[in-house]
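**Q** need a 3D model of the sequence below.
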Amino acid sequence: MFPFRRIADIGDVYVPTQYRELTPESASWKLFTGNQLGQFDRIFTHLRRGGVVVLSGDWEQVIGVMQYIERKKGELTQSSDESGRERNKYGRNKDRRHHRKDGGRGKSENPIHERERALSRLMCWADPAGTLQVNPPPDLPYLLEWVGENQGANEGHPFLIPIVKIQKIQKTLSESYPIHALGVSLVASDNVLPPHSQETIELFQQGLQSVKPHLSHKVKVLDMGCGCGCLTLLALQEIGGLGAEIYGSDLLPEAVGTARLNLLRFADGHSDPPQTHLMPAGDLFQPVAGCRFDLIIFNAPWVVSRARNRAEVAIHDEKQQTLRRFFDDLPSYLNPTGRVLIGYADASGAKAITRLEAMIDAAGLTVLNRFKERVATHRTKRKWENITVYELVNEDSNT
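**A** Predicted coordinates:
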C-alpha cells in the first residue's frame, strides 16, 4: 500500500506501516479542527461508514471526541450493513449465510475486532519532527519510533497516529520500573518488554564485572535486542570507564525509541553520553553490518513458541530460530578474542537448554562462567525457573 496520503489543509502525510490496512485508498478522509471538534455525531457517522477522521486542535476536546466514540463503540459496526439485516445481542448477523469472509482466510468477521479497527481510524497528526498538532502537545519525543517506524521513515512529511495508540503510549510511559543495579527508574513504551526481572539484570552485572578485567581500552560493545535500554545503560555504568563504544540495537523501533528516552533519563536530562550509539531498528546484526565487537550482550528470547504480536517478540522464539541465527552470524561480528554474555532461562524445559548449549559448541565457543539464579514464576504449572547468563569466548582464544 502507498505510504502517503494527501489530506486537505495538511498536504501529503505518512501513514505508518501497521495502520495502512486500516486506511485503504478508497476510504474517505476528513480533517476536523477547531470548532469542528464539537461535531461529535458527524465524526461518529464518518467513522461508522468506514472513513478516516483526523483531529487537530485543543487536546482536551480531542480526548472528549475519543471518549464519545468509545461510549458509542457498540454501534460502530451497526448500520454500516446497508441491507439492514437483524443482529443478535452479540452484534452478529442472525443469518450466518450473510457473513463475509475476512481477507479470504475463511474466518467470519469479529464485531469486537471491527470496532477496534474503527476506533483506530480516529487519528491525530504530527509534524515532520514528531510534534502532535494539538494544544498543548503531549511530551512524546520519539513518537515516530513508538508507532513502529525508524527515524526518517516519514521522509520529512507529517505523519498520522491513532488516538488510541497515543493513549497506550502515554499509559505505558506513566509507569516506571526501579532498577537496583543502576539506581534509577526506567520506562517501557507500548510493545516494549518492561525490565521486571531484577535477577536477570544483576546476573548480567556479574557477567560484565567478570569480563571487565579482560577488556582493553576503547573496546566496542553491542547490546543486541536492547529493548528499553537497561543492559545498554548497565554496560555504560560497568565498563564505560574503559572508553568503551557501546552500541544498542533492536528489532522494534519502539524499543529503540524507549532506549533513547531512558538514556536521557539516565543522563539526568543532559545530552546522550558520546560513547553510546542507538542504531535504527533491524533484525539481529543487520543494524551494525560491517562492524566487529569485543563484547556482545544478548538477553535472548527464551520462550520457545511463536510470537503472536509485537509485544511478544522480545520473549518468544519459535523453534529457537532467532537463537540459531544469532550463533550462525556471530563469528562475522565477534573479534577473535571477544566475549559474549548471553542470557537464557529454562522456561521451555531442559531440551531448550540442551539445544542452546549445542549451538554454543557448534559456534566454536567455550563457556567460561555461568551466572545463575533460581526465581519464582507466576505460572501454575511451573513455579520455578532457572535464569543463566553465560560468559562465552572463542575456543582458540587465549583466555
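**Q** these two touch, right, residue 280 and residue 288?
**A** No. Judged on CB atoms under 8 Å, residue 280 makes no contact with residue 288 at a distance of 10.3 Å. All C-beta atoms are positioned from the backbone trio N, CA, C, and that covers glycine.
**Q** mind listing what the one helix or strand residue 295 maps to pairs with, with the direction of each?
**A** According to DSSP states H and E, residue 295 maps onto strand 293-299. Strands that pair with strand 293-299, judged by DSSP bridges, come out as strand 220-224 (parallel), strand 334-345 (parallel).
**Q** mean confidence (pLDDT) on the following helix or strand past the first one, please.
**A** So the one you mean is strand 220-224. The element immediately downstream of strand 220-224 (helix or strand, assigned by DSSP H and E) is helix 230-239. Averaging pLDDT along helix 230-239 yields 96.
**Q** buried set for helix 230-239?
**A** Going by neighbour count (16 or more other CB atoms under 10 Å), the buried part of helix 230-239 is 230, 231, 232, 233, 234, 235, 236, 237, 238, 239.
**Q** show me the contacts for the third one.
**A** In other words, residue 232. The contact partners of residue 232, by CB atoms under 8 Å, 6 or more residues apart in numbering, come to 223, 226, 246, 248, 259, 263, 276, 278.
**Q** tell me the one among those residues nearest to residue 158.
**A** Taking CB to CB as the measure, residue 158 lies nearest residue 278 of the contacts of residue 232, at 24.1 Å.
**Q** and the closest one, backbone torsions?
**A** Phi and psi for residue 278, reported as degrees, to the nearest 10, are phi -100, psi 120.
**Q** re the thing from before, a markdown table for the buried residues of helix 230-239, including distance to residue 315?
**A** Formatted as a markdown table, those follow (distance: CB to CB, whole Å):
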| residue | distance to residue 315 |
| --- | --- |
| 230 | 14 |
| 231 | 15 |
| 232 | 18 |
| 233 | 20 |
| 234 | 19 |
| 235 | 21 |
| 236 | 24 |
| 237 | 24 |
| 238 | 24 |
| 239 | 26 |
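**Q** neighbours of residue 251, just the number please.
**A** With neighbours defined by other CB atoms under 10 Å, the count for residue 251 comes to 19.
**Q** what does residue 164 give?
**A** Look at residue 164: counted by other CB under 10 Å, it has 16 neighbours.
**Q** hmm, it is touching residue 119, no?
**A** Yes. Counting by CB under 8 Å, residue 119 is a contact partner of residue 164 at 5.3 Å.
**Q** pLDDT-wise, which helix or strand of the protein ranks last?
**A** helix 111-120 (a mean of 86; mean pLDDT, DSSP states H and E).
**Q** buried residues, that one. List them.
**A** Buried, per 16+ other CB under 10 Å, within helix 111-120: 111, 115, 117, 118, 119, 120.
**Q** contacting residues around the last one?
**A** Same thing as residue 120. 19, 22, 162, 164, 165.
**Q** spatially, which residue comes closest to residue 144, not counting chain neighbours?
**A** Closest residue to residue 144 apart from its sequence neighbours, by CB to CB, 6 or more residues apart in numbering: residue 130 at 5.4 Å.
**Q** got a list of what the one you found touches?
**A** So residue 130 contacts 140, 141, 142, 143, 144, 159 (CB under 8 Å, 6+ apart).
**Q** what pLDDT does the first one get?
**A** Residue 140 is assigned a predicted lDDT (pLDDT) of 95.
**Q** next: residue 26.
**A** pLDDT recorded at residue 26 is 81.
**Q** over to residue 2?
**A** 83.
**Q** domain assignment for the chain?
**A** 4-173, 177-394 (automatic domain parsing).
**Q** ranking those domains by burial, who's on top?
**A** Counting by mean count of other CB atoms under 10 Å, domain 177-394 has the highest mean neighbour count of these, with a mean of 18.
**Q** poorly predicted segments of the stretch 1-150 of the chain, please.
**A** 1, 78-109 (pLDDT under 70).
**Q** what are the ranges of the helices in it?
**A** For the stretch 1-150 of the chain, applying DSSP state H, counting those that start in this stretch gives helices covering 40-48, 59-71, 111-120, 143-146.
**Q** now do the contacts for residue 297.
**A** Per CB under 8 Å, 6+ apart, neighbours of residue 297: 204, 221, 222, 223, 224, 231, 235, 340, 341, 342.
**Q** so who does the last one touch?
**A** It stands for residue 342. Counted by CB under 8 Å, 6+ apart, residue 342 has contacts 297, 298, 299, 300, 389, 390, 392.
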